[in-house]
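K.L.:
pasting a predicted model and its sequence here:
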Amino acid sequence: MADEIRTEELSEEELLENLSEQHRIRIEKLNKLKADGKDPYITTKYDVTTLAKDIRGNYDELEGKDVSIAGRMMTRRIMGKASFADVRDTSDRMQIYVRIDEIGKELFDEFKTWDLGDIVGVTGYVFKTKTGEISVHAKSIKLLSKSLLPLPEKWHGLKDKEERYRKRYLDLIANPEVKDTFVKRSMILREIRSYLDGLGYVEVDTPILLPLEIGAAARPFKTHHNALDIDMYLRIETELCLKRLIVGGFNKVYEVGRIFRNEGMDATHNPEFTTIEMYQAYTDYFGMMDIIEDLYRTVTLKICGTDTVPYQGKEIAVGKPWERLTMIEAVKKYAGVDFADWADDEAARAAAKEKNVELESKNATKGEVLIAFFETFVEENLIQPTIIYDYPVENSPLAKRKPSDPMFTERFEYFINGTEFGNAFSELNDPIDQRGRFEKQVAAKRAQGGNDAQVDEDFITALEYGLPPTGGLGFGVDRLVMLLTDSASIRDVLLFPTMRPEKK
């Protein structure tokens, strides 16, 4: 049979030729079925009563009783007047036993022509074979959908990662354990929502298409709205809209939001990704520290059954109290330099030169030098969950300045396995200060060629009506899923990661 052609020793050209031949054979089978009035695509419904995993889990109750299952035929062994086949449904695989004297010669002969990958429905009673395998003894069997292309051969498999990401449907068929990651992703989102809802947060939706490009560093995707005849931009954050809602009287809001950034791709970055941003009136960044630490601990326990999880060969203790360091303390700990020793910007730049720390500007300020030291010496050492707080104002345009030291802001990020997982502020609510920072951002972006960048005047207007003291926090859902599923790449936790079009 065509399904039994081995592929191990075939070249790519021979594989394509083999695929084309099997495709042709299957289409011929389909045409014959249609000519005989048995078009499988006509079926609109099949009543499934039981999943494979439930048959296994409740065998004592179901033994000898009739069930109906449906799924994809993955293997088959024909032995004269009887046949065994494996059918995989959404939950597990189930062996079926088909006999000619049970379903009739005509249907049995037809069944023998079906191909691996075909979708079938089976009704029969539950029993155990002589070898003790739980099975369904078929009383009737029906072809529900024809597979015109062969599945990846079991011995060849679907191992090529690019092909797996590009054809996720085949990945899920050939590697059913992959599905567990995405089931867990759904559970993680459900538990996050449950946690925030339990704190009195309200989930909201904000626009994806925006009429202007803000001055933030991220590069947006640009499109055109035909009816309004205006350019629009896919959002790079949900922050400004959510803070408008705090102005309007919501005290606690969050959004599970799809974000789009027209930038590079690597193991932790995809051009479209999912974040959760939350904002709470009348709290500050310390309040958000407590929430995110407890949220991670709660969700990890619910999903994994433990608050210490394996990640890429390390044990990450999510449940233990997270270390909290100011950026100054972290740089002093890991780089051995003290911000307090830098009398001015020139002294800071000299310290950077001495330690071979690269600076983006020859006129870098003390704050910018501190950030460079942090990125060079600190981040890679933050394996266990760690909160770094009090960031220089130079890279925190939306955070409130520290009253005790206006060079710094009430901002924190938290890191796990040397990677930033989330970002939080005591939100800036001074509209005059905010306008000045926005204008500086826009000028910097335009200097780099971002000529569309604008100040969001409506957001400034909203602030002028009064934003209460507010704590805000945003974190990447994809990175959290990576952590709790021990996945090395963001592509492993996205059902459809962004890919270059396949060459024909």
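P.N.:
Right, received. Where do you want to start?

K.L.:
C-alpha from now on. contacts and neighbour counts both.
P.N.:
Will do.

K.L.:
kindly export the strand or helix carrying V481 (C-alpha atoms) in CSV.
P.N.:
V481 is part of helix 477-485, with elements assigned from DSSP states H and E. The C-alpha trace of helix 477-485 is given here as CSV (Å, rounded to 0.1, in the frame of the first residue of the first chain):
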residue,chain,number,x,y,z
VAL,A,477,2.3,35.8,28.5
ASP,A,478,4.4,33.9,26.0
ARG,A,479,7.5,34.0,28.2
LEU,A,480,5.5,32.8,31.2
VAL,A,481,4.2,29.9,29.1
MET,A,482,7.8,29.1,28.0
LEU,A,483,8.8,29.0,31.7
LEU,A,484,5.9,26.7,32.8
THR,A,485,6.3,24.3,29.9
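
K.L.:
low pLDDT regions in the stretch 251-400 of the chain?
P.N.:
For the stretch 251-400 of the chain, no stretch is flagged by pLDDT under 70.

K.L.:
residue ranges for the strands of it, please.
P.N.:
252-260, 272-281, 308-311, 314-317, 323-326, 386-392 (DSSP state E, counting those that start in this stretch).

K.L.:
could you dump the ones you listed to JSON lines with distance to P207?
P.N.:
Below are the strands of the stretch 251-400 of the chain laid out as JSON lines (distance: least, CA to CA, whole Å):
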{"stretch": "strand 252-260", "distance to P207": "10"}
{"stretch": "strand 272-281", "distance to P207": "14"}
{"stretch": "strand 308-311", "distance to P207": "35"}
{"stretch": "strand 314-317", "distance to P207": "36"}
{"stretch": "strand 323-326", "distance to P207": "35"}
{"stretch": "strand 386-392", "distance to P207": "29"}
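
K.L.:
with respect to F438, which of those strands lies nearest?
P.N.:
F438 lies closest to strand 386-392 among the strands of the stretch 251-400 of the chain, at 16.1 Å (CA to CA).

K.L.:
strand partners (parallel or antiparallel) of the closest one?
P.N.:
Strand pairing for strand 386-392, determined by DSSP bridges: strand 323-326 (parallel), strand 405-416 (antiparallel).

K.L.:
quick check: closest non-adjacent residue to K402.
P.N.:
T409 (5.0 Å; CA to CA, 6 or more residues apart in numbering).

K.L.:
and the gap between the residue lying farthest from the centre of the chain and G121?
P.N.:
Residue farthest from the centre of the chain, counting by CA atoms, centre = their mean, is D101 at 49.7 Å. Remark: distance between D101 and G121 (CA to CA, to the nearest Å) = 19 Å.

K.L.:
before we move on, what about Q441?
P.N.:
For Q441, the distance to G121 - CA to CA - is 61 Å.

K.L.:
surely G476 and I276 touch.
P.N.:
Yes: here G476 reaches I276: they are 6.6 Å apart, a contact under CA atoms under 8 Å.

K.L.:
worst-scoring helix or strand of the chain, pLDDT-wise?
P.N.:
In the chain, no helix or strand scores lower on mean pLDDT, DSSP states H and E than helix 12-35, which sits at a mean of 83.

K.L.:
which SSE is immediately downstream of that helix?
P.N.:
Next along the chain from helix 12-35, counting by DSSP H and E, comes helix 52-57.

K.L.:
so for that following helix, what gets flagged as buried?
P.N.:
For helix 52-57, the neighbour count (16 or more other CA atoms under 10 Å) marks 52, 55-56 as buried.

K.L.:
also stretch 59-74?
P.N.:
59, 62-63, 66-74.

K.L.:
repeat for stretch 387-407
P.N.:
Buried, per 16+ other CA under 10 Å, within stretch 387-407: 387-393, 396-402.

K.L.:
closest one of the residues you listed to R93?
P.N.:
I387 (44.7 Å).
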